[in-house]
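S.K.: The amino acid sequence is not available; the structure is as follows:
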C-alpha cells in the first residue's frame, strides 16, 4: 500500500506545483500566502473529502490508501509553503551565504557584506508586505497592528513563551 | 481502528511530539545542561534525533521497506516545516516588526529602520551562520564552510527564477 501512497502522493504534489508555477508566471496573485494555502491545502483537502465520500458509497479502494496519500501530499506541501517565504522575501542569511560563496577564495569582510544590503529594501519591503496582507496599517507616519496582526503577534509571543525564549532578534 | 490507521495518525501528529520534545530540550538545556548551542541548532538536533523512535514505531506497526521510506519522507517533510516555523519566530523580520509594534502599541517607521540598521542585521546573521558552521572567519574575512545553507540558497535562487520572483 505504501508504495502506491508514495507514487500518488509525490505525483499529486508535482501536479499542484506545476499549477502553482504556471499561475505565478501568468499572473502572480495579490495575496500570495493565502493563495498558496488555497491551492496546496484547501483544494486538495476538499478533493480528498469528495473521494472519501465516494469511497464510502462505492467502496472502490481502501480508505487508508486515500489517507496515506493525502498525508504524504500534505507533508510535502507544508514543507514547500514554509520554503516559499524565503524565496519571496530575499532571506538575508541565504543572501549572505550566497555572497560569501561567490567571493570564492578572496572571502568577504563584514563591511563588504553590509554594503551589499539596501536598508530600505530590508525593512520597507516587509512593512509593505504586512500592510498588503492586512496585518498592520499606517496612520500618518506611524504603524499600528490590525486585529489580524494583533492575533498573529500574540500567537508568536505565546509560542516563544512556551519555549521560555525571548523575542527573536529578527 | 486498525494498526495502519493508528500509525498514520501517529505520523500526522509527529510535529506535535517534536514540538513537546523541543520545548523540554530547550528548557532543560537552559536550566540544567547549559550546552552552548544556538536555538536553531536545537530544532535541527531534536528533529533529527526523533527520526529514530518515530520511524521505528511506524516500521514496527507496518513491517515493510516502503512503510519505512514513507515514514521517513512524511516525518522529515513535516519536521522541515516545523523547523521553518520555529526559525520564523527566531529570525523573520516580519514577526520582529509585529512584536515590536505589539510591545510599543505604535511605531514610527524611522524608529524601525534605526532599530534595523543593516550593520546590526549583518552582524547578527554572521554570528548565527558561524554558530551553524555554514561559514568560517579567517583574518576578518568570511568564507564558505558548510554546504546545507548554500544548497538552500541555490534552490531558492532556482525557485525565484521559475516563479518569476525578484532575483538577488
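M.R.: Yep, it's here. A quick note: this is a predicted structure, and the numbers were derived from the prediction, not measured. Numbering: from 1, shown residues only, chains lettered A, B, ... in the order given.

S.K.: quick one: pLDDT of residue 27?
M.R.: Picking chain A for this. For residue A:27, the model assigns a pLDDT of 87.

S.K.: my question was about chain B
M.R.: Residue-level pLDDT assigned to residue B:27 equals 93.

S.K.: Quick check: the gap between it and residue A:124.
M.R.: Using Cβ to Cβ, to the nearest Å, residue B:27 is found at 37 Å from residue A:124. C-beta: built from backbone N, CA, C; applies to glycine.

S.K.: All the strands of chain A, residue numbers only.
M.R.: A:136-139, A:142-145 (DSSP state E).

S.K.: Just name whatever secondary elements the last one is in contact with.
M.R.: Using 3 or more Cβ pairs under 8 Å, 6 or more residues apart in numbering or on different chains; DSSP states H and E as the contact criterion, the secondary-structure elements in contact with strand A:142-145 are strand A:136-139, helix B:93-104, strand B:106-108, helix B:109-115.

S.K.: Let me know the average pLDDT across that strand.
M.R.: On average, strand A:142-145 scores 90.

S.K.: Then the first one?
M.R.: Model confidence over strand A:136-139, given as mean pLDDT, is 88.

S.K.: do it and chain B meet at all?
M.R.: Yes: interface with chain B: strand A:136-139 contributes A:136, A:138, A:139 (Cβ under 8 Å from any Cβ of the partner chain).

S.K.: Most neighbours out of those residues, which is it?
M.R.: residue A:136 (24 neighbours; other Cβ atoms under 10 Å in any protein chain shown).

S.K.: Just the terminal-to-terminal distance for stretch A:30-50.
M.R.: 29 Å (Cα to Cα, to the nearest Å).

S.K.: List the buried residues in that stretch.
M.R.: A:32, A:36, A:39, A:40, A:41, A:44, A:48 (16 or more other Cβ atoms under 10 Å in any protein chain shown).

S.K.: between these, which is closest to chain B?
M.R.: Lowest distance from chain B to the buried residues of stretch A:30-50 (Cβ to the nearest Cβ) belongs to residue A:32, with 9.5 Å.

S.K.: Hmm, that closest one is touching residue A:87, no?
M.R.: No: between residue A:32 and residue A:87 there is no contact under Cβ atoms under 8 Å: 10.4 Å.

S.K.: Just after the helix or strand of chain B with the lowest mean pLDDT, pick out the following helix or strand.
M.R.: Within chain B, no helix or strand scores below helix B:109-115, which has a mean of 69 by mean pLDDT, DSSP states H and E. Later in the chain than helix B:109-115, the nearest helix or strand by DSSP states H and E is helix B:118-131.

S.K.: Could you chop the chain up by domain?
M.R.: Assuming you mean chain A. A:2-88, A:101-162 (automatic domain parsing).

S.K.: I was after chain B.
M.R.: B:3-91, B:109-162.

S.K.: Residue 146: what's it in contact with?
M.R.: Since you didn't name a chain, this refers to chain A. By Cβ atoms under 8 Å, 6 or more residues apart in numbering or on different chains, the residues touching residue A:146 are A:134, A:135, A:136, A:137.

S.K.: The intended chain is chain B.
M.R.: B:132, B:133, B:134, B:135.

S.K.: and what of residue B:26?
M.R.: Per Cβ under 8 Å, 6+ apart, neighbours of residue B:26: A:163, A:164, A:165, B:39, B:42.

S.K.: mind checking the SS state of the residue lying closest to the second one once chain neighbours are set aside?
M.R.: When you say that, I think you mean residue A:164. Nearest residue to residue A:164, sequence neighbours excluded (Cβ to Cβ, 6 or more residues apart in numbering or on different chains): residue B:27, at 5.3 Å. Assigned by DSSP: H, G, I helix; E, B strand; the rest coil, the conformation of residue B:27 is helix.

S.K.: now residue B:27: how far from residue B:50?
M.R.: 17 Å.

S.K.: Show me which residues of the longest helix anywhere in chain B are buried.
M.R.: Criterion DSSP state H: the longest helix present in chain B is helix B:65-91. Going by neighbour count (16+ other Cβ under 10 Å), the buried part of helix B:65-91 is B:67-68, B:70-71, B:73-91.

S.K.: any idea of the mean pLDDT in it?
M.R.: The model assigns helix B:65-91 a mean pLDDT of 93.

S.K.: Check which helices and strands that helix sits against.
M.R.: Secondary elements touching helix B:65-91 (3+ Cβ pairs under 8 Å, 6+ apart): helix A:2-26, helix A:63-88, helix A:147-163, helix B:3-12, helix B:14-28, helix B:39-49, helix B:51-62.

S.K.: Report the buried residues of the third one.
M.R.: When burial is assessed from 16+ other Cβ under 10 Å, helix A:147-163 yields the following buried residues: A:149, A:150, A:152, A:153, A:156, A:157, A:159, A:160, A:163.
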